[in-house]
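In: Sequence first, then the predicted structure, then my questions.
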Amino acid sequence: MGWIVLLVIVGIVLVFISTYNRLVTARNGFKNAFAQIDVQLTRRYDLIPNLVETVKGYIKHERETLEAVIKARNAAYTGLKTAAADPGNATAVQQLSGADQQLGGALGRLMAVAEAYPDLKANQNMMQLSEELTSTENKVAFARQAYNDSVLNYNNAREVFPSSIVAGMFNFQPASPLDIAKPEAREAPKVSFT
């Protein structure tokens, strides 16, 4: 009888350890997926000052638009660094999402203004930056999808029984997906200059 009780206790301990390790692995997975978003958004944010400098010489009287882009870029960059420091912080991820939406709107206005300048559209630097920005937007979308999938897997792992018991005991907090509220913001900005 003592051996049966010992085997049951060992079995429970093994399930407990396995569940804990699975939760840690899932949590590390969504944090790694966020790191990929960090890489792509940092690249995007690094391209924007070059884009603004290229545009600045052509549309000097549109200073307000340029300043809005730089301000939105800086806010989004700050939001990214805050969220990257703790991808499990739902508030930081939501603030990043809002700041990135603001940046998307400002970039859209800049591109609309730039359309009115044929010399700017033909500028080699502008065409190259536009192409890089479009490519980066696609990479951001893929990284965001991978992150959201990892968040879903982690949240499912922490909510199912018996994992929910272990998650509660060790304070595994739910992760927040990186959502974009506006349907039009789900698309990469159109940056065609042909």
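Out: Here it is on my side, so go on.
In: which SSE is the spatially most central residue of the chain in?
Out: Central residue of the chain (C-alpha atoms, centre = their mean): residue 37, 4.5 Å from the mean position. Residue 37 belongs to helix 2-56 when assigned by DSSP states H and E.
In: Repeat that for residue 79.
Out: Short version: residue 79 belongs to helix 63-85, going by DSSP H and E.
In: Can I get that helix in PDB? Just the C-alpha atoms.
Out: The C-alpha coordinates for helix 63-85 follow below in PDB (Å, rounded to 0.1, in the frame of the first residue of the first chain):
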ATOM      1  CA  ARG A  63       6.300  71.300 -41.900                       C
ATOM      2  CA  GLU A  64       3.300  70.500 -39.800                       C
ATOM      3  CA  THR A  65       3.000  67.100 -41.500                       C
ATOM      4  CA  LEU A  66       6.700  66.300 -41.100                       C
ATOM      5  CA  GLU A  67       6.600  67.200 -37.400                       C
ATOM      6  CA  ALA A  68       3.600  65.000 -36.900                       C
ATOM      7  CA  VAL A  69       5.400  62.100 -38.400                       C
ATOM      8  CA  ILE A  70       8.500  62.600 -36.300                       C
ATOM      9  CA  LYS A  71       6.400  63.100 -33.100                       C
ATOM     10  CA  ALA A  72       4.400  59.900 -33.900                       C
ATOM     11  CA  ARG A  73       7.600  58.000 -34.700                       C
ATOM     12  CA  ASN A  74       9.200  59.000 -31.400                       C
ATOM     13  CA  ALA A  75       6.100  58.000 -29.400                       C
ATOM     14  CA  ALA A  76       5.900  54.700 -31.100                       C
ATOM     15  CA  TYR A  77       9.600  54.000 -30.600                       C
ATOM     16  CA  THR A  78       9.200  54.800 -26.900                       C
ATOM     17  CA  GLY A  79       6.100  52.500 -26.700                       C
ATOM     18  CA  LEU A  80       8.100  49.700 -28.400                       C
ATOM     19  CA  LYS A  81      10.900  49.900 -26.000                       C
ATOM     20  CA  THR A  82       8.500  49.900 -23.000                       C
ATOM     21  CA  ALA A  83       6.700  46.900 -24.400                       C
ATOM     22  CA  ALA A  84       9.900  45.100 -25.300                       C
ATOM     23  CA  ALA A  85      11.100  45.400 -21.700                       C
END
